[in-house]
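Participant: Give me a model of this one.
(chains A and B)
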Amino acid sequence: MSATDTTTTEAGRDFIRDIIQDDVDTGRVTTVVTRFPPEPNGYLHIGHAKAICLNFGVAEEYRGRCHLRFDDTNPTKEEQEFIDAIKRDVHWLGFDWGEHLYHASDYFEQLYEWAEYLIREGKAYVDDTPPDQMRSQRGTLTEPGQNSPYRYRSVEENLDLFRRMRAGEFPNGARVLRAKIDMASPNMNLRDPVLYRILHAEHPRTGNAWCVYPTYDYAHGQSDAIEGVTHSLCTLEFEDHRPLYDWLIENLPVPAHPHQYEFARLNIAYMVMSKRFLTRLVHEGRVSGWDDPRMPTLAGVRRRGIPAAALRDFVRRSGITKSNSVSEYASFEYSIRELLNRTALRRMAVLRPLKVVVENWSEGRTETLEAINNPEDPSAGTRPITFGRELYIERDDFMENPPKKFFRLGPGREVRLRYGYFITCREAVKNAAGEVVELRCTYDPATRGGNAPPDGRRVQATLHWVAAADAIKAEVRLYNHLFTRPDPGADGDLMADLNPNSLEVLHDCLVEPALAATPIGEAVQFERIGYFSADPDSTPGKPVFNRTVGLRDTWARVQTRG
RNA sequence: UGGGGCGUAGCCAAGGGGUAAGGCAGCGGAUUUUGGUUCCGCCACCGGAGGUUCGAAUCCUCCCGCCCCAGCCA
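Facilitator: Now for the predicted structure:
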C-alpha cells in the first residue's frame, strides 16, 4: 500500500475522491489541482471548513496542490480585513497554500480580453436594458424569456460599447455584457447570463483601475482554467451553473478544461452558517464580534478553545455527499471531547463556590499534595496542590435533602476530595435567608491523597475543590447555543430565534493557582465540569476562561429524566 | 403543468442484483480517586406502489416528499 493509499484511507472515501481516483487511474489527470475560492466579504465559518478540508485534503492525498484564490469580483462587498482574516483562519485550520495565493482580480485583464473574444465570435453582446426590465424579459421558471432588443448588435458596435464601458463612460447599471446563449433554456443560468457589469467602486486590490467587473459565473471557471485547476469543487447550489461553466470553457481559448463537481454544504443543528446573517449579528452588536466564542466562524471556534484538529475530525466524520443534511450538535461535541480528553491538562476550578471548614484541621496549617495532570497521558506528570482548613467546593455538590440517586455531599455524608482527603459533613451553616453558606466538616487523616482508608470504607463520590489559602479568582464564561431551536429561522425570522441566554458570565469563580498563567487559547479540563480555554480578555491578576464544551454529564441526564 | 439534485435507523453515512458497514445519539452492564474516560452488549429489511428475477436497498415503471434556480451576489 502506498503512502497515498494510506492517507486517503484515513481521510475516508467519498464520491469526489472516487472521481479523482478514476481520473488519476485513467491518466486523464496527472497532477491533481484544486482550489479554495472564498469571497472576501466576511469571515470563514464551519461550513467553509468542510470545503477547505476537502480541497486541501484531496490535494495532499494525491500529492497535488490546492490554491487559495480570493474570488474578489465584487468590490462593493469585499474588504482587505476579510482577506487577512481568511488567510489566518485557513492556516489555523492546518492548511498551507504555499506559493499558490491568487486572486480573481489577478486575471481581470485576461478575462477582459476573453470577453472581447466572445464578442468577436458573436457570442456576447452589450445590453442596455435596465435591470428591472431585464428581469421581466428573463421569463419565469415555466415560461421562456424574450430576446433583448440589443441582442443583435453588430460586433463592431458591441466592441465599441464594451470598450467605452471599461473606459468609464457609463454610470452603474447603464449596460452589461451578456453571453448570447438561449433565452428559452429551461436552465435560467443559460438565458443570456450577465458577464460584466459596471461598478464604479474602489477594489481592495486593483483600486480604481477598473469600473467593469466580471460576474462570478464568468470569472470562476476561467480562473480555474488559468490556474490549471483540475477539479473545481463547489456546493450544490452551483449545480445549475455547471452547464454555463462548461459553455464558457468550451467557447473560450482557455489553456485548460477544468471540471466542476458539487457536494452538499455542512450544517449543524442550532447553528446558522449564513455569512449574510453572521454579518448582521456583528453589525447589530448581537455578539461581541466575528470572533465571539458563540459564533460558528473559525475565529469564534478558535477563541472558544476548539482545536483545529477537532474540527477537522468532525468534518471527516460527517462525510462528503450530495444530500442536504444537518449534523447533530452532539456529533460536533464528540469530536471536541475526543481530542481534548487525550490532550487537555486537568485542573480544579470551582465555578460556584461553597465554603467548607475542616474542623479537625488546625488553623493555619496547610499541606502539599500531588495531583495527576492527565490520567490519559502519564507523561503530563503531576503538580502540587494545597490542602488546608478552609476549602471551597461546588455548590451543586451539596444538597441538604439529597434524593436517592444523589451521590455527593449532604449532612452526615462522606465524600472524597480529589487528591485530598475524605471529608464528612457535620453541619450546614445557613444565613438569615435560610441559604446554606458554609459547611462544617471533618477529615480522615487515613485518607491522605484521596486514598481509601485501611478499613476499606468507600465513598460514592469524588469532588473537586480548591484551598482558600491559594485559590485565585477567575471569570468564567459559559456558552449555550446561539439559537433556541435546532432549525433557526424555520419560522422565517432568524433574529427571533436568538437565544437570550447564550452567554452566562460567572465572576466569582475560584481556581487552583496552576491556572493563573494559562496560555491564551490552551485547553484545560476543569475536572468534573468541562473543557475550558483562557480568553484574550484575561489579565495578569484575573484569568478569564471560556467553556469550550462541557463533560458528558450523566447525572444531569438522570435528573431531567426524573 | 420548467430545469437541476436528493431520499438507507433519532442524526451523519457505507453498500449499486445474492440476502443491510461504521460513527454520533440512546439503552443495559463492567471498570473507575473526574456521575469523565475506557470496555462489553442491544438498537434498520433501505420514501411508497407495482414489475423483472431463483433472489432487489441495489434493475425497470409510476407515484410521494425535500432542496436549489427567475441578483447587473457568490
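
Participant: so how far is RNA strand B from A:Pro171?
Facilitator: 10 Å (CB to the nearest atom of the strand, to the nearest Å). Backbone N, C-alpha and C define where each C-beta goes, glycine included.

Participant: ok, now A:Leu298?
Facilitator: Separation of A:Leu298 from RNA strand B (CB to the nearest atom of the strand): 17 Å.

Participant: Buried residues, stretch A:35-44. List them.
Facilitator: A:Arg35, A:Phe36, A:Pro37, A:Pro38, A:Glu39, A:Pro40, A:Asn41, A:Gly42, A:Tyr43, A:Leu44 (16 or more other CB atoms under 10 Å).

Participant: Need those in a markdown table (columns: secondary structure, pLDDT and distance to RNA strand B).
Facilitator: Below are the buried residues of stretch A:35-44 laid out as a markdown table (DSSP: H, G, I helix; E, B strand; the rest coil; pLDDT from 0 to 100; distance: CB to the nearest atom of the strand, whole Å):
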| residue | secondary structure | pLDDT | distance to RNA strand B |
| --- | --- | --- | --- |
| A:Arg35 | strand | 98 | 12 |
| A:Phe36 | strand | 98 | 12 |
| A:Pro37 | coil | 98 | 7 |
| A:Pro38 | coil | 98 | 8 |
| A:Glu39 | coil | 98 | 4 |
| A:Pro40 | coil | 98 | 9 |
| A:Asn41 | coil | 97 | 7 |
| A:Gly42 | coil | 97 | 10 |
| A:Tyr43 | coil | 98 | 14 |
| A:Leu44 | coil | 98 | 12 |
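
Participant: where does the residue of chain A most remote from its centre land on pLDDT?
Facilitator: Residue farthest from the centre of chain A, counting by CA atoms, centre = their mean, is A:Asp455 at 52.4 Å. pLDDT, A:Asp455: 94.

Participant: can you tell me which residues contact it?
Facilitator: Neighbour list for A:Asp455: A:Ala446 [criterion: CB atoms under 8 Å, 6 or more residues apart in numbering].

Participant: Do any residues in the helix or strand where A:Thr442 lies lie close to RNA strand B?
Facilitator: Here A:Thr442, judged by DSSP states H and E, is contained in strand A:436-444. No. Figure legend: strand A:436-444 not in contact with RNA strand B (CB under 7 Å from any atom of the strand); closest approach 12.4 Å.

Participant: Sheet-wise, list the partners of that strand with their directions.
Facilitator: Partner strands for strand A:436-444, per DSSP bridges, with pairing direction: strand A:353-358 (parallel), strand A:422-430 (antiparallel).

Participant: any idea which of the ones you listed is most buried?
Facilitator: Highest mean neighbour count among these (mean count of other CB atoms under 10 Å): strand A:353-358, with a mean of 20.

Participant: I'd like the next helix or strand past that strand.
Facilitator: Scanning forward in sequence from strand A:353-358 by DSSP H and E, the next helix or strand is strand A:366-372.

Participant: In that next one, which residues are buried?
Facilitator: Across strand A:366-372, burial judged by 16+ other CB under 10 Å covers A:Leu369, A:Ala371, A:Ile372.

Participant: Could I get the strands paired with strand A:436-444 in JSON lines, plus columns for mean pLDDT and distance to RNA strand B?
Facilitator: Shown next, in JSON lines, are the strands paired with strand A:436-444 (pLDDT from 0 to 100; distance: least, CB to the nearest atom of the strand, whole Å):
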{"stretch": "strand A:353-358", "mean pLDDT": "98", "distance to RNA strand B": "15"}
{"stretch": "strand A:422-430", "mean pLDDT": "98", "distance to RNA strand B": "10"}
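
Participant: Serialize those to TSV and add fields for distance to A:Ser335.
Facilitator: As requested, the strands paired with strand A:436-444 are arranged in TSV below (distance: least, CB to CB, whole Å):
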stretch	distance to A:Ser335
strand A:353-358	32
strand A:422-430	37
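
Participant: Could I get the average pLDDT for the strand holding A:Thr442?
Facilitator: Mean predicted lDDT for strand A:436-444 stands at 98.

Participant: Need the CA coordinates for stretch A:249-256. PDB is fine.
Facilitator: What follows is stretch A:249-256, C-alpha atoms only, in PDB (Å, rounded to 0.1, in the frame of the first residue of the first chain):
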ATOM      1  CA  ILE A 249     -14.800  26.800 -21.000                       C
ATOM      2  CA  GLU A 250     -15.800  25.400 -24.400                       C
ATOM      3  CA  ASN A 251     -16.200  28.700 -26.100                       C
ATOM      4  CA  LEU A 252     -13.100  30.500 -24.900                       C
ATOM      5  CA  PRO A 253      -9.500  29.800 -25.900                       C
ATOM      6  CA  VAL A 254      -8.600  28.800 -22.300                       C
ATOM      7  CA  PRO A 255      -5.500  26.800 -21.600                       C
ATOM      8  CA  ALA A 256      -7.200  24.000 -19.700                       C
END
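
Participant: ok, how many other residues are close to A:Trp290?
Facilitator: Residues lying near A:Trp290 (other CB atoms under 10 Å) number 22.

Participant: Can you tell me how far A:Pro513 is from RNA strand B?
Facilitator: A:Pro513 is 19 Å from RNA strand B, where distance means CB to the nearest atom of the strand.

Participant: can you check A:Pro186 too?
Facilitator: A:Pro186 is 3 Å from RNA strand B, by CB to the nearest atom of the strand.

Participant: Mind checking what secondary structure that residue has?
Facilitator: Look at A:Pro186: counting by DSSP: H, G, I helix; E, B strand; the rest coil, its state is coil.

Participant: Give me the neighbour count for A:Gln559.
Facilitator: A:Gln559 is flanked by 12 other residues according to other CB under 10 Å.

Participant: Remind me which helix or strand it belongs to.
Facilitator: Using DSSP H and E, A:Gln559 sits in helix A:554-561.

Participant: next one: that helix to chain centre, how far?
Facilitator: The chain centroid and the centroid of helix A:554-561 are separated by 29 Å under CA atoms, centre = their mean, to the nearest Å.

Participant: got it, and stretch A:178-195?
Facilitator: With CA atoms, centre = their mean as the basis, stretch A:178-195 stands 36 Å off its chain's centre.

Participant: ok, and for that stretch, which residues are buried?
Facilitator: A:178-181, A:183, A:185, A:189-195.

Participant: Now for chain A, the helix or strand with the poorest mean pLDDT.
Facilitator: Least confident helix or strand of chain A, by mean pLDDT, DSSP states H and E, is helix A:3-11 with a mean of 38.

Participant: Nearest to A:Tyr117, out of the strands paired with strand A:436-444?
Facilitator: For the strands paired with strand A:436-444, proximity to A:Tyr117 was assessed by CB to CB; strand A:353-358 is nearest, at 73.6 Å.

Participant: For that closest one, C-alpha coordinates in CSV please.
Facilitator: The C-alpha trace of strand A:353-358 is given here as CSV (Å, rounded to 0.1, in the frame of the first residue of the first chain):
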residue,chain,number,x,y,z
PRO,A,353,-18.0,28.3,45.5
LEU,A,354,-19.4,27.0,48.8
LYS,A,355,-17.1,27.3,51.8
VAL,A,356,-16.0,24.3,53.7
VAL,A,357,-14.3,24.4,57.1
VAL,A,358,-12.5,21.3,58.2
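
Participant: For that strand, give me every contacting residue.
Facilitator: A:388-395, A:397-398, A:423, A:436-443, A:465-466, A:468, A:508-510.

Participant: which of the residues you listed count as buried?
Facilitator: Buried by 16+ other CB under 10 Å: A:388-394, A:397-398, A:423, A:436, A:439, A:441-443, A:465-466, A:468, A:509-510, out of the contacts of strand A:353-358.

Participant: Let's see which of the residues you listed end up in strands.
Facilitator: Among the buried ones among the contacts of strand A:353-358, the members found in strands (DSSP state E) are A:388, A:390-394, A:423, A:436, A:439, A:441-443, A:465-466, A:509-510.
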